[in-house]
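Colleague: using only what follows, build the 3D model:
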Amino acid sequence: MFYKVVFFVSRNKDNKTIENFKERKQAFLVREDYDKEKLMNKFHEFAKKGQPGEMSRFYISVNKRDGAKVHQALMHWLFDHPDEDYSKLEPKLAGLAAEPHCAAEKKWLFDFDNPSQEAVNEFQYDIKQIDPTVNVEVYRTVHGFAVIVDHGFDARTLVEKWGPEDKEDKSQKKSDFLKRDDMLLMTWEVNK
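Modeller: Prediction:
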């Protein structure tokens, strides 16, 4: 059986202007054949619990998670932590499933923080020039696009051309641009 990791979060970074803001998050697993409408409703409920004007985000793992590997990771964790509070098991299980060794696929995500449709089209073209066998999916994000490829390839020239512009700025790392096993921003919502 395969799963996806779901992560709802209301981050400090998005809510700097909200007075007395406290970060909220919820993480859990869903089967790969999850009900999209039901999951969206669950996210809307999460977002509505925020303060007025609070922004929440909905992420889902790019790569499916291998149920057998998740089971093994959970069994090891349970054996090593017999005195844990098992009422908090759901987020722990999601965290274990999110570990790279539990991935059942090898998709990559490029965090393309450029809102230009023309630029993301050129980026896709550059990917196909490097490896024509790659399947590319593009999703809109808050600050640009998420570009997902179905397998790895030699991305050095791509990262050099499109990665963080300020090579001296240590806060902008190339790993923030190319993510080999990450979460896709599905949607976001501001509580009214």
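Colleague: contacting residues around the closest residue to residue 154 other than its chain neighbours?
Modeller: Nearest non-adjacent residue to residue 154, counting by CB to CB, 6 or more residues apart in numbering: residue 130, 6.6 Å away. No exception for glycine: its C-beta is placed from N, CA and C like everyone else's. Neighbouring residues of residue 130 by CB atoms under 8 Å, 6 or more residues apart in numbering: 153, 154, 155, 157, 158.
Colleague: just say helix, strand or coil for the second one.
Modeller: Under DSSP: H, G, I helix; E, B strand; the rest coil, the three-state class of residue 154 is coil.
Colleague: gap between it and residue 90?
Modeller: 39 Å (CB to CB, to the nearest Å).
Colleague: show me which of the two is the more surrounded one.
Modeller: The neighbour count for residue 154 versus residue 90, taken as other CB atoms under 10 Å, is higher for residue 90 (13 against 8).
Colleague: residue 135 contacts residue 149, correct?
Modeller: Yes: with contact defined as CB atoms under 8 Å, residue 135 counts as touching residue 149 (7.0 Å).
Colleague: more neighbours: which of the two?
Modeller: residue 149 (21 against 11).
Colleague: quick check on the more buried one: phi, psi?
Modeller: phi -120, psi 150 (degrees, to the nearest 10).
Colleague: what distance do you get for it to residue 110?
Modeller: Counting by CB to CB, the separation of residue 149 from residue 110 is 7 Å.
Colleague: helix or strand for residue 125, which one?
Modeller: Secondary structure assignment for residue 125, by DSSP states H and E: helix 117-130.
Colleague: could you list the low-pLDDT ranges of the protein?
Modeller: Low-confidence segments of the chain, defined by pLDDT under 70: 165-175.
Colleague: okay, strands next: where are they in it?
Modeller: For the chain, the strands defined by DSSP state E cover 2-10, 24-31, 55-61, 65-66, 108-112, 136-140, 145-149, 178-179, 183-190.
Colleague: may I see the ones you listed arranged in CSV, with distance to residue 83 as well?
Modeller: Converted to CSV, the strands of the chain look like this (distance: least, CB to CB, whole Å):
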stretch, distance to residue 83
strand 2-10, 26
strand 24-31, 22
strand 55-61, 29
strand 65-66, 27
strand 108-112, 37
strand 136-140, 42
strand 145-149, 40
strand 178-179, 35
strand 183-190, 30
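Colleague: count the residues that sit near residue 24.
Modeller: 17.
Colleague: also residue 106?
Modeller: Applying other CB under 10 Å, we find 13 residues neighbouring residue 106.
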